[in-house]
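# coords please:
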Amino acid sequence: MTATLKQAVVDFYRYPPVGWDDWRYTFETARVRVFETQMLTRATLVDMANSPNFEHAAELLRASEYALPQTSAGLADVENVLRARRSALRELFEQFCIDKTIARLFKARDDFANLRLAVRRLATGKPIAGDYSNEGNFPPERFAEVFEQENYVEAGMPDYMAEAAERAILAYYQDKDIRRLDYAIDAAQAHYNLKKAAEMKSVFLLGLFRMQIDLVNIRTMLRIKIAQRDYRGVFLDGGYVETERFSHGLDIGLEAIGALFFATPYYEVVQAGANYLASNKSFLKIEQQCEEHLTGFLKSTVQVAAGAQPIIAYLLMKENEIRTVRLILTAKKNFLDNRLILDRFG
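Sure, this is the predicted structure:
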């Protein structure tokens, strides 16, 4: 990793810069701007959250692309509709990516997710075959074949997946703690993202991935603190905030953690999340605050007239919309309190 990626210098107030225009994306950016106007409004999501039941919440989606079957719609129907919308979204994203390296980079998210599941099954002695995403770069049906060989790369697995698999397995067998496996794959994915962003010389992607690292570390810090585990070495390198700050957060009370991040762009995120955790014993607010902070950065790409930035931002915001619809409908089906739903998506 280059010195530029290692330094923990924050030279912005809230969001990092989004980079410059790329006029090759003029048509694609114009199309995305139109699609953004068709996304669900906050008012619609609030109305869904405040609906008296699942059926009423689903009815509010009747005129949208998320319309459910009119006869006895259940969670299986919800999942089918949302998976279809996500697949269509990702196909559109790949079509709009003039730089195919960007498309492959974001497809690698599914590679890491599939790998996480496969290595978990391998470590716990369960059959590797199962329900994987087919939207990555590497075909998951080859996992069984690849894991039979000691050299994953020679077996056809991409370098970034092979490295992640080896790190995860080694981490797990240190003390057979499944969470260390997850932390190892998170670290490998973060390293890969930063490496590709640096190779592409993308100011936007570098800022996005460094911010995502910080937000992951914030969540990890609070979860480790509540679990009272000694996982100080699991914080991800490469973010804007130095890992020592997160380690220090493990040694102080929840009421003081916000102040620890006062000089960073994440003060409000940490303060709101830690206060809610202290009073409600729940991570709902920190999840909501992290998503809101990331969405704010994605929306700042409006200042780009043409470029890959609005295309990437639309992909991530639309995926978040799909997750929010799933969250609300699932919560309604399980009769969760409206306040909890609103606390989760803000």
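# CA only for contacts and neighbour counts going forward, please
Will do.
# I'd assumed I328 was in contact with M48.
Yes: M48 lies in contact with I328 (Cα atoms under 8 Å); the separation is 7.1 Å.
# Packing partners of the helix or strand where L92 lies?
Per DSSP states H and E: L92 is located in helix 75-96. Under the contact definition 3 or more Cα pairs under 8 Å, 6 or more residues apart in numbering; DSSP states H and E, helix 75-96 sits against helix 100-123, helix 308-333.
# Reformat those into TSV and put mean neighbour count and mean pLDDT next to each item.
Output for those, formatted as TSV (neighbours: other Cα atoms under 10 Å; pLDDT from 0 to 100):
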stretch	mean neighbour count	mean pLDDT
helix 100-123	19	94
helix 308-333	20	95
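# got the ones you listed as TSV, with distance to T71 columns?
Shown next, in TSV, are the helices and strands packed on helix 75-96 (distance: least, Cα to Cα, whole Å):
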stretch	distance to T71
helix 100-123	33
helix 308-333	16
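# how about these, which one is nearest W23?
With Cα to Cα, the closest approach to W23 among the helices and strands packed on helix 75-96 belongs to helix 308-333: 9.5 Å.
# Against which helices or strands is the closest one packed?
Counting by 3+ Cα pairs under 8 Å, 6+ apart, helix 308-333 packs on helix 26-37, helix 42-49, helix 54-59, helix 75-96, helix 284-299, helix 338-345.
# Based on its surroundings, how many neighbours for T71?
Using other Cα atoms under 10 Å, T71 has 6 neighbouring residues.
# What of A76?
Neighbours of A76 (other Cα under 10 Å): 9.
# okay if I get the helices and strands packed on helix 308-333 as a markdown table plus mean pLDDT and distance to H191?
Listed next are these as a markdown table, based on pLDDT from 0 to 100; distance: least, Cα to Cα, whole Å:
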| stretch | mean pLDDT | distance to H191 |
| --- | --- | --- |
| helix 26-37 | 97 | 29 |
| helix 42-49 | 92 | 34 |
| helix 54-59 | 90 | 40 |
| helix 75-96 | 94 | 23 |
| helix 284-299 | 95 | 19 |
| helix 338-345 | 84 | 29 |
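# Put together a markdown table for the ones you listed, with distance to E255 on each row.
Converted to a markdown table, the helices and strands packed on helix 308-333 look like this (distance: least, Cα to Cα, whole Å):
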| stretch | distance to E255 |
| --- | --- |
| helix 26-37 | 39 |
| helix 42-49 | 30 |
| helix 54-59 | 37 |
| helix 75-96 | 39 |
| helix 284-299 | 14 |
| helix 338-345 | 20 |
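# N134 is nearest to which of those?
helix 75-96 (9.9 Å).
# Mind listing what's buried along that closest one?
V78, V81, L82, R85, R86, L89, R90, F93, E94, F96 (16 or more other Cα atoms under 10 Å).
# what inclination does that helix have with respect to helix 308-333?
Here the directions of helix 75-96 and helix 308-333 differ by 180 degrees (axes from the mean of the first three to the mean of the last three Cα atoms, to 10 degrees).
# Check what contacts helix 75-96 and list those residues.
By Cα atoms under 8 Å, 6 or more residues apart in numbering, the surrounding residues in contact with helix 75-96 are 28, 65-69, 100, 103, 135, 311-312, 315, 318-319, 322, 326, 329-330, 333.
# same thing but at 10 Å, please
Contact with helix 75-96 is made by 25, 27-29, 31-32, 54, 58, 65-69, 100-104, 106-107, 134-135, 308, 311-312, 314-316, 318-319, 322-323, 325-326, 329-330, 333, as judged by Cα atoms under 10 Å, 6 or more residues apart in numbering.
# do stretch 255-273 as well
Counting by Cα under 10 Å, 6+ apart, 9-10, 12-16, 211, 214-215, 218-219, 222, 240-241, 245-246, 248-252, 254, 274-278, 282-293 sit against stretch 255-273.
# now it: mean pLDDT?
For stretch 255-273, mean pLDDT rounds to 94.
# Quick one: end-to-end length of that stretch, please.
11 Å (Cα to Cα, to the nearest Å).
# That stretch: which residues count as buried?
Residues of stretch 255-273 classed as buried by neighbour count (16+ other Cα under 10 Å): 257-258, 260-261, 264-271, 273.
# From the chain's centroid, how far away is it?
21 Å (Cα atoms, centre = their mean, to the nearest Å).
# now swap in stretch 174-194 and tell me
That offset, for stretch 174-194, works out to 15 Å (Cα atoms, centre = their mean).
# I am finished for the moment; much appreciated.
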